[in-house]
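K.L.:
Curious how this folds, go ahead:
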Amino acid sequence: MGYITKDNAGLFCNTNGALLKNAPEALVLEFPGLGGGSCLGGVMDFSVYDNEYTKRFAEKDILIAYLFTGPWSWGSRSAVNIADSVVDALFEKYDVKDVPVVVCGGSMGGQSALIYCAESRHKITACAAACPGYDLPRMCRETPEFARTVISAVAGYGVPVEPALESVSPLHRINDMPVIPYHIVCDGADEIFDADGMREYAEKLKKHNGGGVEFVYLEGLRHGEFTPRAREELHVFIEENCLK
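P.N.:
Below is the predicted model:
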């Protein structure tokens, strides 16, 4: 996507680049949750991505980009293409290549990060997904108020709805996932994505992956909630895989 360049990349993502003192040693891509949510504090504006977590990344020369892929993007082809182009633009802007690329996100952002692992033309190093949408056909059946958002993401695919939903559903893409480390956080009282189903998904991914899947179960928490420890563990997982 030639429109996204090193000169206008800031229109398509919010980064901590201004906080780095040296060239990036790694790149973290954070996909937005539904409506622009973030598990690390990103917002869809043009300011510096400056908070506790992004400052810690900057201290280790880790560039993080909170992507503007759209509030209803659900790992769509458009979202993947935008993310790939942002990676190209940031690599050119900072004159780096072949650095680790770790992806993350929560809810829709976690689902998008997982789908990006399967679809990206870049080599992904690791993935952290908090309460991800693991089975979108099931979500549309059981929580139909969210169906309009997913249908919006895949309406132009030119195929029936069910295979379109499966194409952006991590449960249905397990065989396409790269063998890399995964960190999956599950809210035990999640009212949108069933916790038992998410555990089963993580087990299937672990079997496909030959291990390498960390599953964090947060007893009694509702969708999108974090304990301080769980948020710290997610940050540490990202950081450690950036610095391998």
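K.L.:
Need the nearest residue in space to Gly70, chain neighbours excluded.
P.N.:
Ala79 (6.6 Å; CB to CB, 6 or more residues apart in numbering). Backbone N, C-alpha and C define where each C-beta goes, glycine included.
K.L.:
With just CA atoms, put whichever strand or helix holds that neighbour into CSV.
P.N.:
Per DSSP states H and E: Ala79 is located in helix 77-93. Presented in CSV, the C-alpha positions along helix 77-93 are these (Å, rounded to 0.1, in the frame of the first residue of the first chain):
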residue,chain,number,x,y,z
ARG,A,77,-7.9,-7.8,4.9
SER,A,78,-7.8,-4.0,5.1
ALA,A,79,-6.5,-4.1,8.7
VAL,A,80,-3.8,-6.6,7.7
ASN,A,81,-2.7,-4.5,4.7
ILE,A,82,-2.6,-1.3,6.8
ALA,A,83,-0.5,-3.0,9.5
ASP,A,84,1.9,-4.4,7.0
SER,A,85,2.3,-1.0,5.3
VAL,A,86,2.9,0.7,8.7
VAL,A,87,5.6,-1.9,9.5
ASP,A,88,7.3,-1.1,6.1
ALA,A,89,7.0,2.7,6.7
LEU,A,90,8.4,2.5,10.3
PHE,A,91,11.3,0.3,9.2
GLU,A,92,12.2,2.8,6.5
LYS,A,93,11.7,5.8,8.9
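K.L.:
Identify the residues contacting it?
P.N.:
Residues from elsewhere that reach helix 77-93 (CB atoms under 8 Å, 6 or more residues apart in numbering): 1, 3-9, 12-13, 15, 17, 24, 27, 29, 31, 63, 65, 67-70, 73, 97, 99, 101, 112, 115-116, 119-122, 153, 157.
K.L.:
Pairing partners for the residue nearest to Leu234 when sequence neighbours are not counted in the sheet, please.
P.N.:
Spatially, and ignoring its direct neighbours in sequence, Leu234 is nearest to Ala128 (5.2 Å; CB to CB, 6+ apart). For Ala128, the beta-bridge partners are Cys104, His183 (DSSP bridges).
K.L.:
list the contacts for Ala128?
P.N.:
102-105, 110, 113, 182-185, 234, 237-238.
K.L.:
7 Å instead, please
P.N.:
Contact partners of Ala128, counting by CB atoms under 7 Å, 6 or more residues apart in numbering, are Cys104, His183, Leu234, Phe237, Ile238.
K.L.:
Between those residues, which sits nearest Glu162?
P.N.:
Nearest to Glu162 among the contacts of Ala128: Cys104, at 28.3 Å, using CB to CB.
K.L.:
hmm, back to that, would you mark the buried spots in the helix holding Ala79?
P.N.:
77, 79-91, 93 (16 or more other CB atoms under 10 Å).
K.L.:
does Phe215 count as helix, strand or coil?
P.N.:
Assigned by DSSP: H, G, I helix; E, B strand; the rest coil, the conformation of Phe215 is strand.
K.L.:
Of the contacts of Ala128, which is the nearest to Glu145?
P.N.:
For the contacts of Ala128, the closest approach to Glu145 (CB to CB) belongs to Cys104, at 25.9 Å.
K.L.:
count of neighbours near that closest one?
P.N.:
27 (other CB atoms under 10 Å).
K.L.:
Distance of it relative to Lys21?
P.N.:
Separation of Cys104 from Lys21 (CB to CB, to the nearest Å): 23 Å.
K.L.:
Out of the contacts of helix 77-93, list just those in strands.
P.N.:
Of the contacts of helix 77-93, the ones assigned to strands by DSSP state E are Cys13, Thr15, Leu27, Leu29, Phe31, Leu63, Ala65, Leu67, Val101.
K.L.:
Cool, thanks, signing off.
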